[in-house]
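**Q** prediction below, plus the sequence it came from.
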Amino acid sequence: MNILVILQQILLQAGLGNQSSFWSFISTIIWLVVLILFFTPYFQNQMTIMWYSYGIGNFLNNLGRLITNNMNLIINHINQLLRSNGATQPTDKSLVEKTIRDLMEFVVIEPVSAEPTGLMKTLKLLVTSYNEKLEDSIKSLLPNIDRPLVQNVVDAVDGLRELNYIYKVIMHYYRLSNKYKNPYLLIQVYMLLPIIREYVNALNGAITTFLKGQPVGDAAGPLTAYRFMRSCSSSAELTHNVKDTYIGFCDFEGRRVYVVKARGPGGTVGNLDDGIIYLIEKVGVKPRVIITVDAALKFEGEKTGSIAEGVGVAMGGIGVERFNIERVASKYGIPLYAILIKMSMPEALSAMPKDVESAVNEAVERVKRVIRDNVREGDDVILVGVGNTGGVAQ
């Protein structure tokens, strides 16, 4: 016999046998059960996990599609470069995809920090080895292609590697929290999603910009150095063997200014610390000051393109180059001046916005003022344009 029929007969004996009273009673019981379940910890945990899993799962699906689209974009770009160089047959897509996937999974293991002696030298070696590995792998796919174009693809693949790493980290915590039915890991990831999504969108835009060879917001430092040198008189390039680094000098109102920046127009950040050490310890330059110009992340509420001045080395990254510059400056007692051009993360990684490009002109004037105020005629200055110089000549 149906359980509802049995229940209806019991309620009939209790005086609740009419149809409306019966279903009203049933609905009340159901609501009571739901409310009781809703307020139990287990049910709450399950609902929380389902809610946050849905949001994070959607993010992971979108990020996965983004990675696939960018991989196809890079593969098509490589084919286009080969065709423009006279290749009659398209490159093996499976080979290119395998190479890019291998680079996406490439790992740089941090050195042991328990014994700090020589730590920065080891970090410098690892960074150099990683950059060489990345470039050699792309160069094998693009033989006889001009190096600046290869460097642009290297930067794009590096951005793709970063996207893949973000995907793996989020997926790790997503599956871990579902495996152990732990909502708190999901909540932490979910709360960070707006910030992570902004960074992901910035990287996505950067990949396209790098492939096109356009300057990104982070090129504000090299562009400042380039425009400053254009405003000087009797400028020339210095012959040296520092890889991917431009070193020039010019006369500015009776002061000799040595300009150090990554060598363009390919996407690279150069070896600026090696360039400064070369000037001071090999050439024998005795600078009155070292001025660094770099892009800096702005606080929410700050205006894009606003400029801040300070002391120290304006340089991001893991700190190897900054450490080497600080060390040589301390050794010879050289003051360090910094000029920062403010922008957001998306603006730093995407095509340079107009506000940042306009701020570069103001930064050039700030550099001139610092030189006039702190350097006498006849003295030397080192100006360093920090950042990715993709799209910036020399």
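**A** Okay, I see it. Numbering: from 1, shown residues only.
**Q** domain-wise, how is this structure divided?
**A** 3-39, 43-212, 217-385 (automatic domain parsing).
**Q** please name the residues that touch V386.
**A** V386 is in contact with 221-222, 261, 269, 272, 292-295, 314-316, counting by Cβ atoms under 8 Å, 6 or more residues apart in numbering. Backbone N, C-alpha and C define where each C-beta goes, glycine included.
**Q** buried deepest among the domains of the chain, which one?
**A** Mean neighbour count, computed with mean count of other Cβ atoms under 10 Å, is highest for domain 217-385 among those, reaching a mean of 19.
**Q** most widely separated two among the contacts of V386?
**A** The span of the contacts of V386, defined through Cβ to Cβ, is set by K261 and G316 at 15.3 Å.
**Q** give me the helices and strands touching the helix or strand hosting Y165, please.
**A** According to DSSP states H and E, Y165 maps onto helix 147-179. Secondary-structure packing of helix 147-179 (3 or more Cβ pairs under 8 Å, 6 or more residues apart in numbering; DSSP states H and E): helix 41-84, helix 93-104, helix 119-141, helix 183-212.
**Q** rebuild these as CSV, extending it with mean pLDDT and distance to E253.
**A** Below are the helices and strands packed on helix 147-179 laid out as CSV (pLDDT from 0 to 100; distance: least, Cβ to Cβ, whole Å):
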stretch, mean pLDDT, distance to E253
helix 41-84, 86, 44
helix 93-104, 90, 47
helix 119-141, 93, 36
helix 183-212, 92, 36
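**Q** the ones you listed: which one's closest to D380?
**A** Judging the helices and strands packed on helix 147-179 by Cβ to Cβ, what sits closest to D380 is helix 119-141, at 25.9 Å.
**Q** tell me what that closest one is packed against?
**A** In terms of contacts (3+ Cβ pairs under 8 Å, 6+ apart), helix 119-141 is packed against helix 93-104, helix 147-179, helix 320-332.
**Q** worst average pLDDT in these?
**A** Looking at the helices and strands packed on helix 119-141, the lowest mean pLDDT belongs to helix 93-104 (a mean of 90).
**Q** can you check what angle separates that one from helix 41-84?
**A** Here the directions of helix 93-104 and helix 41-84 differ by 130 degrees (axes from the mean of the first three to the mean of the last three Cα atoms, to 10 degrees).
**Q** which stretch among the helices and strands packed on helix 147-179 comes nearest G378?
**A** Across the helices and strands packed on helix 147-179, G378 has its closest neighbour in helix 119-141 (34.4 Å, Cβ to Cβ).
**Q** how far off centre is that closest one?
**A** Centroid separation between helix 119-141 and its chain, computed with Cα atoms, centre = their mean, to the nearest Å, is 17 Å.
**Q** same question, stretch 296-312
**A** Stretch 296-312 sits 18 Å away from the centroid of its parent chain (Cα atoms, centre = their mean).
**Q** now do the end-to-end distance for that stretch.
**A** The separation between the terminal residues of stretch 296-312, taken as Cα to Cα, to the nearest Å, is 14 Å.
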